[in-house]
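Q: from the sequence below, what's the structure:
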Amino acid sequence: MRFIFFIDHISTWVGKVFAWAILILTFVVSYEVFMRYVMGSPTTWAYDTSYMLYGTLFMMAGAYALAHNAHVRADVVSRYFPPRVQAGMDLALYLVFFYPGILALVFYGWDFFALSYRQNEHSSYTPGGPPVYPYKFVIPACAALLALQGVAEVSRCILCLKHGKWPRRLGDVEEIAIPINKQDEILAAQQASGEDRP
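A: Numbering: from 1, shown residues only. All right, here's what the predicted structure looks like:
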């Protein structure tokens, strides 16, 4: 479990660091709106900066979301299965779909970045646009972090298959709605405390 939590902490730390990009993005967009509509002098760099910041934020938060089980899941049927069946299905999906896609993203993303770096590629959207290769480096970096977090998720699946229950996660993100598999626990606790409402 220490190994899994170590990876979870790395993903959480990276996600929280890159979450600050939203403040920079807000400032950039606000500055552009002010310059364009109030001062009548739009900037040439705000568009490039905004899509690079947003893309970086979105990609680098992927491992954070995976660590906290915050991705949108289509588990309409599988949430009713016992934990061992869920773990077996998740393990198969990680091995068949997740890892081939993520590893391709690491290798081809690195080639995509390396070519951009060798060419000293700059954005073509604006005159004298900023270099694009730092932004393209985010692609293999986020894929490597997702691959690392995938190791923790596969380990969770194996532990669940072995022990019959899901290992706990870091408690940073909580569901707003009560998951169906938790309702029985809540009802039992309410009955034990004398509450008769559901």
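
Q: drop to CA atoms for contacts and neighbour counts, all remaining ones
A: OK.

Q: ok so M59 is a helix residue?
A: Yes. Using DSSP: H, G, I helix; E, B strand; the rest coil, the assignment for M59 is a helix.

Q: measure the residue lying closest to it once chain neighbours are set aside to D90 for me?
A: Excluding the flanking residues, the one nearest M59 by Cα to Cα, 6 or more residues apart in numbering is C142, at 5.9 Å. With distances taken as Cα to Cα, to the nearest Å, C142 is found 21 Å from D90.

Q: what of G150?
A: 11 Å.

Q: now for the residue nearest to M59, how many residues are close by?
A: By the criterion of other Cα atoms under 10 Å, C142 has 23 neighbours.

Q: give me the most central residue, the protein.
A: G62 (1.6 Å; Cα atoms, centre = their mean).

Q: now for the longest helix that the chain contains, which elements pack on it?
A: The longest helix of the chain (DSSP state H) is helix 133-163. If contacts are counted by 3 or more Cα pairs under 8 Å, 6 or more residues apart in numbering; DSSP states H and E, helix 133-163 sits against helix 2-19, helix 46-60, helix 62-67, helix 83-93, helix 99-118.

Q: ok, which of those comes nearest L146?
A: Among the helices and strands packed on helix 133-163, the nearest to L146 by Cα to Cα is helix 62-67 (4.9 Å).

Q: isn't the residue nearest to the centre of the chain up against A144?
A: No. G62 lies out of contact with A144 (Cα atoms under 8 Å); the separation is 10.8 Å.

Q: that older thread, could I get the helices and strands packed on helix 133-163 in CSV, plus columns for distance to Y31 and mean pLDDT?
A: Formatted as CSV, the helices and strands packed on helix 133-163 follow (distance: least, Cα to Cα, whole Å; pLDDT from 0 to 100):
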stretch, distance to Y31, mean pLDDT
helix 2-19, 20, 93
helix 46-60, 8, 91
helix 62-67, 28, 92
helix 83-93, 44, 93
helix 99-118, 29, 95
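
Q: most packed of those?
A: Stretch with highest mean neighbour count among the helices and strands packed on helix 133-163: helix 62-67 (a mean of 23; mean count of other Cα atoms under 10 Å).

Q: just checking, what packs against it?
A: helix 2-19, helix 133-163.

Q: would CSV of these with distance to Q86 be doable?
A: Output for these, formatted as CSV (distance: least, Cα to Cα, whole Å):
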stretch, distance to Q86
helix 2-19, 19
helix 133-163, 8
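
Q: among those helices, which comes closest to N120?
A: Nearest of these (Cα to Cα): helix 133-163, 7.3 Å.

Q: residue contacts, F18?
A: Residues in contact with F18 (Cα atoms under 8 Å, 6 or more residues apart in numbering) are 56-57, 60-61.
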